[in-house]
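Engineer: curious how this folds, go ahead:
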Amino acid sequence: MANTSENQSADRRKAEEEELPGAMDVLRGARAQLAELTGMEAESVSSFERSENGWLLRIEVLELARVPDTMSLLASYEVELDRHGELTGYRRLRRYERGRADRNP
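Structural biologist: Numbers count the residues shown, from 1 in each chain. The predicted structure is shown next:
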């Protein structure tokens, strides 16, 4: 009897995993959701990892376009998504000019 229960649990987990989006779907969805919420264009994903509750990404966003382009303001956002790729939270970590590199400590 216990074996049947274990098999059912394993089957349920496998079915849930099959329904979960793949990495590329999560990346595309995160960029689109953040752009829709902030009204700003997501330029790139600079980090991406699976977390305990879903996904954690860092997305670079164009906040203010300037001329020349090297003076445009970008921002780095931390974006949290659930296991299904739905955005659950975000926050801006930093703002910087496109042409400026980080200082080494």
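
Engineer: how near is the spatially most central residue of the chain to residue 41?
Structural biologist: In the chain, the residue lying closest to the centroid (Cα atoms, centre = their mean) is residue 57, at 3.5 Å. In this view, residue 57 and residue 41 are 16 Å apart by Cβ to Cβ, to the nearest Å. Heads up, the C-betas are built off the backbone N, CA and C, glycines and all.

Engineer: equivalent analysis for residue 69, please.
Structural biologist: From residue 69 to residue 41 the distance is 13 Å (Cβ to Cβ).

Engineer: ok, residue 65 next?
Structural biologist: 9 Å.

Engineer: hmm, back to that, please identify which helix or strand holds the residue nearest to the centre of the chain.
Structural biologist: strand 54-64 (DSSP states H and E).

Engineer: which elements pack onto that strand?
Structural biologist: Contact here means 3 or more Cβ pairs under 8 Å, 6 or more residues apart in numbering; DSSP states H and E; on that basis strand 54-64 packs against helix 23-38, strand 42-50, strand 73-82, strand 87-97.

Engineer: how about those, which one is nearest residue 6?
Structural biologist: strand 42-50 (25.0 Å; Cβ to Cβ).

Engineer: just how off-centre is the closest one within its chain?
Structural biologist: 6 Å (Cα atoms, centre = their mean, to the nearest Å).

Engineer: parallel or antiparallel, list what pairs with that strand.
Structural biologist: strand 54-64 (antiparallel) (DSSP bridges).

Engineer: can I get the helices and strands packed on strand 54-64 in a markdown table with distance to residue 103, mean neighbour count and mean pLDDT?
Structural biologist: Putting the helices and strands packed on strand 54-64 into a markdown table (distance: least, Cβ to Cβ, whole Å; neighbours: other Cβ atoms under 10 Å; pLDDT from 0 to 100) gives the following:
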| stretch | distance to residue 103 | mean neighbour count | mean pLDDT |
| --- | --- | --- | --- |
| helix 23-38 | 27 | 15 | 96 |
| strand 42-50 | 17 | 13 | 95 |
| strand 73-82 | 15 | 18 | 97 |
| strand 87-97 | 11 | 12 | 96 |
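
Engineer: can I get those in TSV with distance to residue 5?
Structural biologist: Formatted as TSV, those follow (distance: least, Cβ to Cβ, whole Å):
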stretch	distance to residue 5
helix 23-38	32
strand 42-50	28
strand 73-82	27
strand 87-97	32
